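[1] please work out how this folds:
(one chain, ligands or ions: 1)
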Amino acid sequence: MENNIDYRREMALERSKELKGKIQDYLQAREEIPSGLERKEAIREQQRKIMECLDATPQDWNDWQWQVKNRISHTSILSQVLELSPEQCQQIEKVGEQYRWTISPYYLSLIDPDNHIDPVKMQSVPSELELDTRGSLDPMSEEDTSPAPLITRRYPDRLIIKVTNQCGMYCRHCQRRRYIGEVDRPADRKDMEAAIEYIKQNPEIRDVLLTGGDAFLLGNDVIEWLLSSLRDIPHVEIIRLGTRTLVTMPQRVDEELVEILARYHPVYVNTQFNHPQEVTEEAAQACDRLTRAGVVIGNQMVLLRGINNDPFVVKKLNHELLKIRVIPYYIFHAKGVRGTTHFRTRVERGIEIMEQLRGYTSGLAIPTYIINAPKGQGKTPILPEYLVSWGRDHVLIRTWEKKVLEYPNYRGDWTEENIF
Ligand SMILES: *Cc1c(COP(=O)(O)O)cnc(C)c1O
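    Residues are numbered from 1 along each chain as shown. As a prediction, the model looks like this:
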């Protein structure tokens with residue numbers, strides 16, 4: 001009976017039906033989570049409105065320098081575009097006295113003005129909740145892990161250099177708020193030289209991450225100088241750049257920048273898409289220019305309450321990212337930085353998201369969920385528990401469907417036993 005082909009086909013069909021049932025809730029939910037690509041028309045409409053306010057041409061809009069110069073940091077324009085009340089403007093200005101805000105015209109165009117909890121708005125427009133005084137200003141203790149100017153070193157073989165304090169948009173959830181000064185400025189050339197000298201002197205450093213701020217807010221000449229200086233160091237194997245411009249100002253990734261990057265491979269880019277609504281045509285084109293130039297793009301999502309603390313939002317985000325060839329790399333648990341505590345979630349929520357990914361979708365769409373251990377003690381991966389218990393000859397595992405099974409634990413590789 002069990003070898004009967006018809007019977008086995010019937011069982012497989014039965015199982016297929018069961019599997020189909022396990023995805024229906026997501027198929028329904030994803031309709032309610034429109035991507036930036038699906039919102040294309042609404043975004044164009046907002047773009048027209050913003051261009052009119054700023055008296056801009058399409059050429060202006062596509063020029064990243066124009067986007068930087070015309071970042072919006074006054075409620076006069078914001079209130080026109082988002083139809084804000086005078087009370088809402090007052091609140092924004094009040095928060096602005098304490099925490100700087102500025103939004104690129106492009107990123108502003110992604111906000112749905114009719115949605116008061118719009119995920120793009122929540123990341124970019126100041127909220128009164130930021131005035132809560134709980135939380136620490138430097139929970140990462142970056143000052144204690146800096147052996148040379150601009151460098152943070154927490155690991156044996158890699159480090160980061162903070163090359164600028166500038167960004168295309170000042171994220172309301174920024175974990176480096178204290179470094180994002182009132183005045184935009186790239187790091188001192190002397191400090192950059194000292195950082196490069198430190199790497200030269202330490203041959204175990206094989207991976208250098210240029211970040212900030214936003215590394216792509218530097219001019220092309222500075223980026224090229226940094227890349228060529230790092231490439232001159234034989235032990236530097238890979239260079240990574242941290243930038244959110246793919247999300248906040250995709251115009252930045254122009255042909256000239258891409259040609260520079262391609263000269264210094266292997267080059268990786270880490271970015272931060274937090275919601276499917278940020279995956280737009282412009283973002284897709286910027287990612288395409290980078291990947292065509294051989295740059296590998298990884299996404300580092302931050303888990304944010306009210307924005308993406310939902311397994312279906314994360315699943316749709318990761319699917320949209322894979323479609324534009326961006327690999328979901330990390331999900332970061334939000335730290336307790338003062339002024340951002342309203343975005344924090346419980347760790348259980350992150351675990352639930354991971355639980356809802358594994359098995360339900362492609363392994364490619366499953367990043368690693370990370371808690372940054374306090375005081376710079378490093379990224380710590382957190383997983384749902386798949387290993388139930390441990391015996392000498394067996395382990396108990398449980399599958400993505402929560403079936404518990406005994407699995408034999410092969411003993412031949414135990415060194416004590418191999419002695420004989
Ligand atoms: C995140 C981070 C890195 C890079 O870590 P990966 O896990 O290799 O992506 C390196 N140095 C510091 C200080 C970091 O915070």
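[2] just for this protein, where's the confidence low?
    For the chain, applying pLDDT under 70 flags the ranges 1-2, 138-143, 181-183, 412-420.
[3] quick check: residues of the stretch 201-350 of the chain near the ligand?
    Within the stretch 201-350 of the chain, the positions near the ligand by Cβ under 6 Å from any ligand atom are Leu209. Any C-beta I mention is one placed from the backbone N, CA and C, and that applies to glycine too.
[4] now for the residue of the stretch 201-350 of the chain found nearest the ligand: which residues touch it?
    Proximity to the ligand, evaluated over the stretch 201-350 of the chain using Cβ to the nearest ligand atom, is greatest for Leu209 at 5.5 Å. Contact analysis of Leu209 by Cβ atoms under 8 Å, 6 or more residues apart in numbering lists Arg158, Leu159, Ile160, Ile161, Ile239, Arg240, Leu241, Gly242, Asn270.
[5] from those, which is closest to Glu128?
    Nearest to Glu128 among those, counting by Cβ to Cβ, is Gly242 at 29.5 Å.
[6] isn't the closest one up against Leu210?
    Yes. Using Cβ atoms under 8 Å, Gly242 makes contact with Leu210 at a distance of 6.8 Å.
[7] so who does the residue nearest the centre of the chain touch?
    Centroid-nearest residue in the chain: Gln272, 2.2 Å away (criterion: Cα atoms, centre = their mean). Shown in contact with Gln272 (Cβ under 8 Å, 6+ apart): Arg244, Val247, Asn299, Gln300, Met301, Val302.
[8] out of these, who's nearest Lys403?
    Nearest to Lys403, judged by Cβ to Cβ, of the contacts of Gln272 is Met301 at 29.1 Å.
[9] could you check how far the helix or strand harbouring that closest one is from the centre of its chain?
    Element membership for Met301 (DSSP states H and E) is strand 296-303. Relative to its parent chain, strand 296-303 has a centroid offset of 4 Å by Cα atoms, centre = their mean, to the nearest Å.
[10] which strands or helices does that strand pack on?
    Secondary-structure packing of strand 296-303 (3 or more Cβ pairs under 8 Å, 6 or more residues apart in numbering; DSSP states H and E): strand 267-271, helix 281-292, helix 311-323, strand 326-333, helix 347-357.
[11] contact partners of that strand?
    Strand 296-303 has contacts (Cβ under 8 Å, 6+ apart) with 173, 175, 246, 266, 268-274, 287, 290-291, 308-309, 314, 317-318, 321, 325-334, 343, 345, 349-350, 353, 367, 369.
[12] tell me if Ile160 really is in a strand.
    Yes. Secondary structure assignment places Ile160 in a strand (DSSP: H, G, I helix; E, B strand; the rest coil).
[13] please name the nearest non-neighbouring residue to it.
    Nearest residue to Ile160 in three dimensions, chain neighbours excluded: Leu209, at 4.4 Å (Cβ to Cβ, 6 or more residues apart in numbering).
[14] so is that neighbour in a helix, a strand, or just coil?
    Following three-state DSSP, Leu209 is assigned to strand.
[15] got it, and Glu401?
    coil.
[16] got it, and the one 10 residues further on?
    Following three-state DSSP, the label given to Arg411 is coil.
[17] ok, it touching His394?
    No. The pair Arg411 / His394 is not scored as a contact, 10.6 Å apart, by Cβ under 8 Å.
[18] excluding sequence neighbours, find me the nearest residue to the closest residue to the ligand within the stretch 301-420 of the chain.
    Closest approach between the stretch 301-420 of the chain and the ligand, counting by Cβ to the nearest ligand atom: Lys379, at 5.1 Å. Spatial nearest neighbour of Lys379, excluding adjacent residues (Cβ to Cβ, 6+ apart): Ile370 at 4.6 Å.
[19] buried sites along stretch 381-396?
    Buried residues in stretch 381-396, defined by neighbour count with 16 or more other Cβ atoms under 10 Å: Pro384.
[20] how long is that stretch from one end to the other?
    End-to-end distance for stretch 381-396, by Cα to Cα, to the nearest Å: 21 Å.
[21] ditto for stretch 60-72
    This stretch, stretch 60-72, spans 15 Å end to end (Cα to Cα).
[22] and that stretch, which residues are buried?
    Asp60, Trp61, Asp63, Trp64, Trp66, Gln67, Val68, Asn70, Arg71, Ile72.
[23] hmm, who's touching that stretch?
    With contacts defined as Cβ under 8 Å, 6+ apart, stretch 60-72 is touched by 47, 51, 54, 56, 78, 81, 102-106, 108, 168-169, 217, 245, 249, 251-252, 254.
[24] give me the sheet partners of the strand holding Met301 and which way each runs.
    Its sheet considered, strand 296-303 pairs with strand 267-271 (parallel), strand 326-333 (parallel) by DSSP bridges.
[25] which of these sits most buried?
    Comparing these by mean neighbour count (mean count of other Cβ atoms under 10 Å), strand 267-271 comes out on top with a mean of 22.
[26] just the CA atoms of that strand, as CSV, please.
    Below are the C-alpha coordinates for strand 267-271, written out as CSV (Å, rounded to 0.1, in the frame of the first residue of the first chain):
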residue,chain,number,x,y,z
VAL,A,267,32.8,46.2,-1.8
TYR,A,268,29.6,45.6,0.2
VAL,A,269,26.9,48.0,1.1
ASN,A,270,24.8,47.7,4.2
THR,A,271,21.6,49.6,4.2
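[27] which residues does the residue nearest to Glu237 when sequence neighbours are not counted contact?
    Excluding the flanking residues, the one nearest Glu237 by Cβ to Cβ, 6+ apart is Arg206, at 4.4 Å. Shown in contact with Arg206 (Cβ under 8 Å, 6+ apart): Asp157, Arg158, His235, Val236, Glu237, Ile238.
[28] what's the answer for Ala284, then?
    Neighbour list for Ala284: Leu37, Ile324 [criterion: Cβ under 8 Å, 6+ apart].
[29] if we use 10 Å, what do you get?
    Ser35, Gly36, Leu37, Leu246, Pro250, Glu320, Lys323, Ile324, Arg325, Val326 (Cβ atoms under 10 Å, 6 or more residues apart in numbering).
[30] got the contact list for the fourth one?
    With contact taken as Cβ under 10 Å, 6+ apart, Leu246 is in contact with 168, 216, 252-253, 269, 271-273, 278-279, 282-287, 289-290, 297, 299, 324, 326.
[31] that one should be in a strand, yeah?
    No. Checked against three-state DSSP, Leu246 lies outside a strand; its state is helix.
[32] any idea how far it lies from Lys402?
    Counting by Cβ to Cβ, to the nearest Å, the gap from Leu246 to Lys402 is 37 Å.
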